[in-house]
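Visitor: Sequence first, predicted coordinates after that:
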Amino acid sequence: QVRIALFFSAAALSGAFSGLLAAAIQQMDGIGNMRGWQWIFLLEGLFTVCFASMCFWAMPNNPHGVKTFTKAQADHCEYRLTLDANSVEGAKFSWKSLLSTFKDVHVWINVIALFCNGCSLFGLAYFTPTIVQTLNFNATNTQLLTVPPFVLAFIVTMISAYTADHYQQRGLTAITTTLVAIIGFALFLTSKSFGQKYTALCFLITGVYSSAPSMISWIPNNSASHTRRATAVALGFIMTNAGGILSTWIYPKKDAPHYAFRSEERRVGKECLCS
């Protein structure tokens, strides 16, 4: 889980640095007859395209493709991957193994949990500046205030990952960190002052981000062989990203600053369902 957390926590760190970067880029407002938010999209999008193009050529497909590995190191890495597959089929692809993954109840339970986690995770990633803006700060300070919760999320993610590996307790860390997120949601719904709302946001982002690696690493731990494991992991990420699609409707501007459905909207919804 520590390895997965290192990979996944890049999302938390990107959330922190994106706030700092956005705050700096917004100072370019007016340059070239463009607004600050337009410069954010242009520069960050350009960097993403250039970096992705570089990775296409730089990322190795297998251990023998790593330029810094000697032949002995690459062979040893291949041997470890074969052992890690935990199956006599090794790394060979099998349609039978792939399709059998869809029959595993534990996989579906986990991917449903990841779908829900994706709704919260992407919702917070997309709307944190919007949520913070309801606290009545200017655009630059709003971006800066999004940084500390993501830094805290990174720290807690790594601590929970180490704890899960050390005590071999994926479920315990997943439940504990999810409870932290639930506390954040509860605080956010009932808070009135800036301090209470910002504390709730810290709980929210920390709990949601740190719970994901526990669930993500749980899937490969309980899936063998290589093909079944790869399929289960793919399902997990598909469902997480599907939750991200749903998350775009979680925090509509009309529900600010509390982002809770109004009673008349619930009543109208019920009437529509009945009709």
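Guide: Alright, I've got the coordinates.
Visitor: switch to C-alpha atoms for all contacts and neighbour counts from now on
Guide: Fine.
Visitor: Quick check, L13 in contact with F150.
Guide: Yes - under the criterion of C-alpha atoms under 8 Å, L13 makes contact with F150 at 6.3 Å.
Visitor: Compare the two and say which one has the larger neighbour count.
Guide: The neighbour comparison of L13 against F150 (other C-alpha atoms under 10 Å) goes to F150, with 26 against 18.
Visitor: Under a three-state scheme, what state does that one occupy?
Guide: helix (DSSP: H, G, I helix; E, B strand; the rest coil).
Visitor: What is the burial count for the residue lying closest to F69 once chain neighbours are set aside?
Guide: Excluding its sequence neighbours, the residue lying closest to F69 (C-alpha to C-alpha, 6 or more residues apart in numbering) is P63, at 7.6 Å. Using other C-alpha under 10 Å, P63 has 18 other residues around it.
Visitor: got the contact list for P63?
Guide: Contacts for P63 (C-alpha atoms under 8 Å, 6 or more residues apart in numbering) come out as F69, A74, D75, C77, E78.
Visitor: Would you mind measuring from the nearest residue to S217 once chain neighbours are set aside to R229?
Guide: The shortest distance from S217 to any non-neighbouring residue, by C-alpha to C-alpha, 6+ apart, is to Q1 (5.6 Å). Counting by C-alpha to C-alpha, to the nearest Å, the gap from Q1 to R229 is 15 Å.
Visitor: What about F185, how many residues nearby?
Guide: F185 has 18 nearby residues by other C-alpha under 10 Å.
Visitor: correction: G244
Guide: Here the number of neighbours of G244 (other C-alpha under 10 Å) works out to 23.
Visitor: what helix or strand does it sit in?
Guide: helix 226-247 (DSSP states H and E).
Visitor: returning to what we had before: distance of the residue nearest to F69 from Y126?
Guide: Remark: distance between P63 and Y126 (C-alpha to C-alpha) = 36 Å.
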